[in-house]
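Participant: Okay, sequence plus prediction incoming.
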Amino acid sequence: MFRVTREFHFCYGHRLLNYDGKCRNLHGHNGKAIITLEGDRLDALGMVMDFSQMKRVLQKWIDDTIDHKMLLHRDDPVLGYLRERGEPVVVLDVNPTAENIAKLIYDYTKAQGFPITEVVLWETESCCATYTGE
């Protein structure tokens, strides 16, 4: 089995609803998504997938969709206020935890037909969450 892995860096803000801790407050992170693809065969060039193709597709989506945006649960009461002021928000049906953000990235990567096996989302230098699929 062959694996390739690429890191993607982005910034995002969020907060957790119904959480009894600091993360109940609006705050931001410098995130790092580590995306791993896997294949039992290589293409004609000897690759699982070209790193530049991963960057072209996935970095663009990350930049357009979640970079420098507030990721909030659809029931977050601050959502209306931010929208009224034209702030960029991403509305999720789940709490925007590191686990759920890793799954969001995984699901997009899989929908692009990439042979994904894992997304590790580093929320801080010492905390990460991993999603490996169903």
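Facilitator: That came through, no problem.

Participant: From start to finish, how long is stretch 46-57 in a straight line?
Facilitator: Taking CA to CA, to the nearest Å, stretch 46-57 runs 20 Å from one end to the other.

Participant: Ignoring the adjacent residues along the chain, who's closest to the residue most central in space within the chain?
Facilitator: Among the residues of the chain, the one closest to the centroid is Ile105, at 4.0 Å (CA atoms, centre = their mean). Using CB to CB, 6 or more residues apart in numbering and skipping the chain neighbours, the partner closest in space to Ile105 is Val119 (4.9 Å). (Each C-beta comes from the backbone N, C-alpha and C, glycine too.)

Participant: give me the element the one you found is part of.
Facilitator: Using DSSP states H and E, Val119 falls within strand 116-122.

Participant: so what does the next helix or strand after that strand touch, helix or strand wise?
Facilitator: Toward the C-terminus, strand 116-122 is succeeded by strand 128-131 as the next helix or strand (DSSP H and E). Applying 3 or more CB pairs under 8 Å, 6 or more residues apart in numbering; DSSP states H and E, we find strand 128-131 packed against helix 98-111, strand 116-122.

Participant: so where is the chain shaky, pLDDT-wise?
Facilitator: Under the criterion pLDDT under 70, no range of the chain is flagged.

Participant: any idea how far the residue of it positioned farthest from its centre is from Val90?
Facilitator: Most distant from the centre of the chain: Ala44, at 30.0 Å, with distances by CA atoms, centre = their mean. As judged by CB to CB, to the nearest Å, Ala44 and Val90 stand 38 Å apart.
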